[in-house]
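S.K.: return atomic coordinates for the entry below.
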Amino acid sequence: MGTFLVILPNILVGVIVAIVTAYATVRLSIRQFRVEQWWSRKADAYTSIIEGMHDMKRLDEAYLQEYRRGSPMPKERQDELANKAQQGYQIMRRAIDARGFLLCHEAITVLEALDADLDRAHGAVAYYEGWEMGEHAIGKCLAVLPGIAKKDLGVG
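M.R.: Numbers count the residues shown, from 1 in each chain. The predicted structure follows:
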């Protein structure tokens with residue numbers, strides 16, 4: 001019994017250290033999980049916006065090619081491109097409306113400028129001018145947004 005009383009404090013200290021260590025490890029793991037999940041959601045948001053902008057640009061490019069060639073694009077192709085472009089625009093607008101929930105302020109500023117440029121493009125007198133303006137505006141945004149995304153995600 002005397003030996004047990006001698007090692008009891010060591011056992012209690014070991015148990016207390018194990019409990020505190022386990023608690024701290026779990027808390028840090030949960031925190032790390034949340035950070036990784038948030039990063040993943042941000043990366044997905046940037047990816048879907050950039051893909052959507054690509055679809056928007058493809059529509060303007062297709063209309064410009066149609067205009068320059070003087071031959072109409074098949075209705076199925078026109079509908080497919082228009083639907084994808086509309087989805088891309090809606091994704092971009094949701095990101096703007098979220099006001100930096102996932103994206104950084106700099107990315108929102110660039111997207112707001114693109115949205116304003118697209119409004120001006122849709123107000124163009126001639127259709128082909130609007131398509132050129134839209135294609136240029138989207139291309140300008142696509143030139144800077146991936147860099148902003150990399151910086152925001154800490155990968156570039």
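S.K.: what is the helix or strand hosting residue 61 packed up against?
M.R.: Residue 61 belongs to helix 2-69 when assigned by DSSP states H and E. The helices and strands touching helix 2-69, judged by 3 or more Cβ pairs under 8 Å, 6 or more residues apart in numbering; DSSP states H and E, are helix 75-97, helix 105-122, helix 127-153. Yep, even glycine has a C-beta here, placed from its N, CA and C like the rest.
S.K.: to the chain's geometric centre, what's the distance from the lowest-mean-pLDDT helix or strand in the chain?
M.R.: Across the helices and strands of the chain, mean pLDDT, DSSP states H and E gives its lowest value to helix 2-69, namely a mean of 86. Remark: helix 2-69 is offset 15 Å from the chain centroid, using Cα atoms, centre = their mean, to the nearest Å.
S.K.: picking up where we left off before, out of the helices and strands packed on helix 2-69, flag the one nearest residue 34.
M.R.: helix 127-153 (15.7 Å; Cβ to Cβ).
S.K.: does anything pack onto that closest one? Which helices or strands?
M.R.: Partner elements for helix 127-153 (3+ Cβ pairs under 8 Å, 6+ apart): helix 2-69, helix 105-122.
S.K.: in JSON lines: these, plus distance to residue 149 and mean neighbour count.
M.R.: Below are those laid out as JSON lines (distance: least, Cβ to Cβ, whole Å; neighbours: other Cβ atoms under 10 Å):
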{"stretch": "helix 2-69", "distance to residue 149": "4", "mean neighbour count": "13"}
{"stretch": "helix 105-122", "distance to residue 149": "7", "mean neighbour count": "16"}
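S.K.: could you export these as a markdown table, including distance to residue 139?
M.R.: Below are the helices and strands packed on helix 127-153 laid out as a markdown table (distance: least, Cβ to Cβ, whole Å):
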| stretch | distance to residue 139 |
| --- | --- |
| helix 2-69 | 6 |
| helix 105-122 | 10 |
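S.K.: what's the closest of those helices to residue 146?
M.R.: Per Cβ to Cβ, nearest to residue 146 of the helices and strands packed on helix 127-153: helix 2-69, 6.4 Å.
S.K.: report the angle between the closest one and helix 75-97.
M.R.: 130 degrees (axes from the mean of the first three to the mean of the last three Cα atoms, to 10 degrees).
S.K.: relative orientation of helix 2-69 and helix 127-153 in degrees?
M.R.: Using the same axes, to 10 degrees: helix 2-69 against helix 127-153 is 160 degrees.
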